[in-house]
Structure formats: structure tokens, C-alpha cells
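Participant: build me a model from this:
(one chain, ligands or ions: 2)
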Amino acid sequence: MTIRIGVTGATGRMGQEVIAAVAAHDDCEVAFAVNRDPDGATVDGIAVEPADEFADLVHEYEPTAVIDFTGPESALEYAQACANASVPFVTGTTGFDDDQRERLEATSEAAPLLHAPNFARGVQALVNVVGDAVQDLAGYDVELVETHHNQKRDAPSGTANRLLEEIEANGDFSDRKHGREGFDPREEDEIGVHVLRAGNVTGEHEIVIADNHEEVRLTHRAEDRGVFAAGAVDAAVWLADCEPGSYDFADVLAE
Ligand SMILES: NC(=O)C1=CN([C@@H]2O[C@H](COP(=O)(O)OP(=O)(O)OC[C@H]3O[C@@H](n4cnc5c(N)ncnc54)[C@H](OP(=O)(O)O)[C@@H]3O)[C@@H](O)[C@H]2O)C=CC1
Ligand SMILES: O=C(O)C1=N[C@H](C(=O)O)C[C@H](O)C1
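Facilitator: Ligands and ions are numbered 1, 2, ... in the order given. The predicted model follows:
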């Protein structure tokens, strides 16, 4: 069976990568692509339709799944339209606040939802090991540094927030300390969080775990966005067979 995928944010950095990854996948094809104000744009020969026609396009083309990399408000609108039409929705969008995250999760009552802040397999491996490292090195200082390109809007990255949740769940930390300046010595039980935005960096996350005698650095570096797009397409293929509910990228990789 051919998996037919609707793509949102089609002219964006990730949207273009997703269209290329769908085309490269033997079992997939693009059902339709949208962007706000597309102004006649095409991506890899696919005409980009206006985003305000999204719900109509879902009814017309009946995609097997939709893949979204846009912004929190638009992702929510697309997720709701997919839920109304019982279409599985995969989103890699980051920067949701608590209320938006709750509203996104609520759509999973009507259709399968898979939200992952990072679709690189290596990041999932990092999420899997960081908890053990923090537990094994209880009492060590923990700091997280993430670096992204200068166009990224949300900070810290969705991936950083996911890693921080994992660190907090496995250690005894008081709070997150975002940057430092002036006379501001380190508190023993804080987690330092440092955000860099520079040039065209695709995405780097490093966790430093150290005491006075040794340090461990766990680093993931994405070399191009194709790695995220390929993971999102794998997730869409996997989600196509699922019942309504909220799923994780770890579920996809577990099979
Ligand atoms: N989970 C993962 O693995 C990854 C997640 N991301 C996340 O994906 C998202 C997109 O990243 P990226 O592709 O770099 O960003 P871009 O800005 O390059 O692309 C975003 C796309 O979404 C569209 N868009 C943004 N806001 C709206 C809106 N309100 N309504 C309709 N369309 C909208 C933009 O349209 P326009 O051109 O008109 O602005 C653009 O086409 C970010 O949240 C990022 O953090 C990124 C990489 C990997
Ligand atoms: O905006 C990006 O580029 C990225 N965003 C994701 C995030 O916020 O974690 C994932 C990746 O690092 C690239």
C-alpha cells in the first residue's frame, strides 16, 4: 500500500526536507503540500497550496498521514483538522507552551498523534542513556548546552527541554539556571542551561556531567536536516496503522 502524506510548512527548512524524504521512500508519496501564502511556489515539482485550504485538502486527498514542521499555533490548527477527519498527525514542531501542549494532546482522542521534538535516532539514544548517566553520577554538576542556527525562534530547543525532563526525573535537582552573569556562583543542585544561536548550525546538544576529578560529555550533533525528515517519515508510516492515541518516537524505534 502506498502511504500518502500531506506536508505542512512545505517551503520551510524542514518542509522541503520532508518532501525530499517522502520522494526518496519506496512506499510513500506526497498527497499534497501547503504553506501560508505560497504565492505559486513549488517544492521538488510539487505545487504548494495555501494553508487556509488545509481542511478541504484533507477531505479531497484523504492522506494516510500528515507531517508538520511549522509553529505551535499552526500545528494545533492542523492537528485539529486531522483529528476531525481521523487522519494520523506527526509533528516535529517545538515551542509549545503548557496550554498548547495540552490542546495538542487532546486531539489524540480522535486520531493518532505523534509529537517528537527531535526525529534523529541518535537523539532518542541520547534520551535513553542520559538518565542512567545522571543516576550513576549522582551529586555531579550537570549542565546542558545547545546550539542552533540563527533563525531558530524557540529557546531552549524542544530537544533540550526533553533532555532536561529526563535529567530531572533521574536526579535531585532544584531548578534550571538559564545562563549566568555577574556575581552568580553555581548552586550545587541546579542544572545549567545554555543556548547558542549562530550561523547555520543544524542542531547540537551536549550534556556535561562533572565533579572535581572527572567529566563526562554526552553530545549529539545533527549534520543535516535529512536525518530529522527521514525519522518523521518513518514515524508517519508507523502511525498509519495505529489507533487514536498519543505516541512517542521511541515507540517507532522499539519495533
Ligand atoms: N522534531 C524535529 O526533529 C525537528 C523540529 N524542528 C522544528 O520544526 C519547526 C520548523 O522548523 P524550520 O523548518 O526550521 O522552520 P522554518 O521557519 O524554516 O519553516 C517553518 C514553516 O512553517 C510555516 N509556518 C510558520 N508559522 C506558521 C503559521 N502560523 N501558519 C502557517 N504556517 C506557518 C512557515 O511559513 P512562512 O514561510 O510563511 O514563514 C514555514 O514554511 C520548528 O518548531 C523547529 O524547532 C526543526 C527541525 C527538526
Ligand atoms: O529548529 C531547529 O532547527 C531544530 N529544532 C528542534 C528542537 O527544537 O529541538 C530539533 C533540532 O535540534 C533542530
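Participant: could I get the contacting residues of Ala41?
Facilitator: Contact analysis of Ala41 by Cβ atoms under 8 Å, 6 or more residues apart in numbering lists 10-11, 35, 47-48. Yep, even glycine has a C-beta here, placed from its N, CA and C like the rest.
Participant: which among the residues you listed gets closest to His194?
Facilitator: Nearest to His194 among these, counting by Cβ to Cβ, is Thr11 at 31.5 Å.
Participant: for Val95, helix, strand, or coil?
Facilitator: Val isn't right for residue 95; it's Gly. What DSSP: H, G, I helix; E, B strand; the rest coil gives for Gly95 is coil.
Participant: swap that for Pro63, sorry
Facilitator: Here Pro63 is recorded as coil under three-state DSSP.
Participant: and it, what's its pLDDT?
Facilitator: Looking at Pro63, its pLDDT is 98.
Participant: number of residues surrounding it?
Facilitator: 25 (other Cβ atoms under 10 Å).
Participant: same check on Ala254?
Facilitator: By other Cβ under 10 Å, neighbour count at Ala254 equals 9.
Participant: distance-wise, check the closest residue to ligand 1 within the stretch 51-200 of the chain relative to Gly231.
Facilitator: Closest to ligand 1 within the stretch 51-200 of the chain is Gly92: 2.7 Å, counting by Cβ to the nearest ligand atom. As judged by Cβ to Cβ, to the nearest Å, Gly92 and Gly231 stand 8 Å apart.
Participant: name the residues that touch the host helix or strand of Val30?
Facilitator: For Val30, the host element (DSSP states H and E) is strand 28-35. Outside strand 28-35, the residues that touch it by Cβ under 8 Å, 6+ apart are 2-12, 15, 19, 22-23, 41, 43, 46-51, 53-54, 57, 60-64, 233, 236-237.
Participant: for the residue of the stretch 1-150 of the chain at minimum distance from ligand 1, phi and psi?
Facilitator: For the stretch 1-150 of the chain and ligand 1, the shortest gap (Cβ to the nearest ligand atom) falls at Gly12, measuring 2.2 Å. Backbone geometry at Gly12, expressed as degrees, to the nearest 10, gives phi -80, psi 170.
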